[in-house]
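Trainee: Could you look at this predicted model? Sequence included:
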Amino acid sequence: MSQAQVVPTDTPSKGQAGVDPYSIPLEKIDVSDSELFETYTHWGYFERLRKEDPVHYCAESDFGPYWSVTRFNDILTVEKDPETYSSAGSIVIGDPLPDFSLSPGFIAMDGPRHLSHRRTVRPVVGPRNLKRLEPIIRERVIGILDSLPVGETFEWVDAVSIELTTAMLATLFDFPYEERRRLTHWSDMATSSPALVGATGTTEEERQAALRECLAVFQGLWEERVGKQSDTLDLITSLANGEATQDLSPMDYLGTLVLLIVGGNDTTRNSISGGVLALNEFPAEYDKLRNDVGLIPNMVCEMIRWQTPLAHMRRTATRDTELAGKSIRKGDKVVMWYVSANRDESVIPRANEFLTDRDNVREHLSFGWGVHFCVGSQLAEMQLRILWEEIMARYSMVEVVGEPVRVRSNFVKGFHQLPVRLHPL
């Protein structure tokens, strides 16, 4: 997830948004167009590709030529063959900017090196530490929810989604809690684009300066913790003392930090917001939840599928190969569109419906698959579960009262704003 900070994931308008996807020549379709995601008009394009050209070649885009893999089972084929489809170099559709040589972190590694880095951080988000963290998360959730205005319109994304995930990141890093919003700022800088910065108005120079500031702060934390053991697990102590990571270069360290910050922030916070919107769009499912709060764990998985907070991951072909009858050349970009696979009705029945009681609810690709399956998946699910347990204990409804404002990105599928109003029990 860390390559987003060095690669534009938003793009100028191509005139596809709001246009009938079947009116455009198939070979001209470019689903990397971030305006499609900002306007929520991407669905028809992916539906057409799944039906007519599930492994689709786009010859011209702002990111160069690339292949789109849009069906669930074809993506599994790619995920299960990391030797042919490599993560090295970039895991998003674009390539790194040449003048800012930031490492992608271990998500863009292959083989033993990837596994050794992954093993270093895994205990921090593993079952034993999650058991320790659960009461901390619940205390934080209670504090957030009890501070919210009831019966008044407020901004859900900032007040709940960002606040909860940023608080959790501060705990995982053992970062000064009173400065936790700096983590949000660095995450936003990491996933903004020099091409179209939207509401932030950030220049590329400002963005790189923010990331260097992030590195300086975390280098200080590294120096404090190297050679020391902690009574509680945290990511910085683990990295500073891990056999595979203790000699990280500054830019490799920053790349790993950004991977962990974006992975722990953008993904969970957008599933939190997307879940609220889904329940409002499917009121019968909200009624099911009110009648049976035991559906919460199942519903959480459905929220993550429904939102698909990271729209895609990229691989690069290491050799000439064939996928679904298409000839892939060595060096080609192969983009796995998770957002499309999670609506593939050949695998997921009624995929375009949000169902709190869905069978086989874990059959989705929001966390990826195989060796790169999201290391923090259990933490994400736990945060959402606790949040909804406490919401249902307080409110009859979190009502969406205005149009959501979505992020202009083909990678982070998320929200800038979601106005809501709370209704008490």
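Mentor: Looks like it came in fine.
Trainee: How about residues contacting stretch 41-58?
Mentor: Stretch 41-58 has contacts (C-beta atoms under 8 Å, 6 or more residues apart in numbering) with 16-18, 20-22, 26-27, 29-32, 36, 65-71, 74, 323-326, 337, 339-340, 343-344. C-beta here means a position set from N, CA and C on the backbone, and glycine is covered the same way.
Trainee: nope, stretch 381-398 is what I was after
Mentor: The contact list for stretch 381-398 (C-beta under 8 Å, 6+ apart) reads 130, 133-134, 137-138, 141-142, 145, 150, 156, 160, 164-165, 168, 268, 271-272, 275-276, 279-280, 286, 289-290, 293, 296-297, 299-301, 303-304, 420-425.
Trainee: What mean pLDDT does it get?
Mentor: For stretch 381-398, mean pLDDT is 97.
Trainee: Restricted to strands, list the contacts of stretch 41-58.
Mentor: 66, 67, 68, 69, 323, 326, 337 (DSSP state E).
Trainee: Just the buried ones from the contacts of stretch 381-398?
Mentor: Among the contacts of stretch 381-398, those classed as buried by 16 or more other C-beta atoms under 10 Å are 130, 133, 137-138, 141, 145, 156, 160, 164-165, 168, 268, 271-272, 275-276, 279-280, 286, 289, 296, 299-301, 303-304, 420-422.
Trainee: doesn't residue 305 make contact with residue 275?
Mentor: No: using C-beta atoms under 8 Å, residue 275 is not in contact with residue 305; the gap is 10.6 Å.
Trainee: Going by distance to residue 239, which of the ones in strands among the contacts of stretch 41-58 wins?
Mentor: When those are compared for distance to residue 239 (C-beta to C-beta), residue 337 wins out at 31.5 Å.
Trainee: The closest one pairs with what?
Mentor: residue 312 (DSSP bridges).
Trainee: Let me see the contact set for it.
Mentor: Here residue 337 is in contact with 31, 46, 68, 69, 70, 75, 311, 312 (C-beta under 8 Å, 6+ apart).
Trainee: before we move on, the earlier item: a markdown table for the ones in strands among the contacts of stretch 41-58, including distance to residue 182 and pLDDT?
Mentor: Converted to a markdown table, these look like this (distance: C-beta to C-beta, whole Å; pLDDT from 0 to 100):
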| residue | distance to residue 182 | pLDDT |
| --- | --- | --- |
| 66 | 34 | 98 |
| 67 | 38 | 98 |
| 68 | 36 | 98 |
| 69 | 37 | 98 |
| 323 | 42 | 98 |
| 326 | 45 | 98 |
| 337 | 33 | 98 |
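Trainee: Max pairwise distance over those: which two?
Mentor: The widest separation within the ones in strands among the contacts of stretch 41-58 (C-beta to C-beta) is 15.0 Å, between 326 and 337.
Trainee: Surely residue 240 and residue 225 touch.
Mentor: Yes: the pair residue 240 and residue 225 qualifies as a contact (C-beta under 8 Å) at a distance of 5.0 Å.
Trainee: Let me know how buried the residue nearest to residue 341 when sequence neighbours are not counted is, in neighbour terms.
Mentor: Closest residue to residue 341 apart from its sequence neighbours, by C-beta to C-beta, 6 or more residues apart in numbering: residue 72 at 4.2 Å. Number of residues near residue 72 (other C-beta atoms under 10 Å) recorded here: 24.
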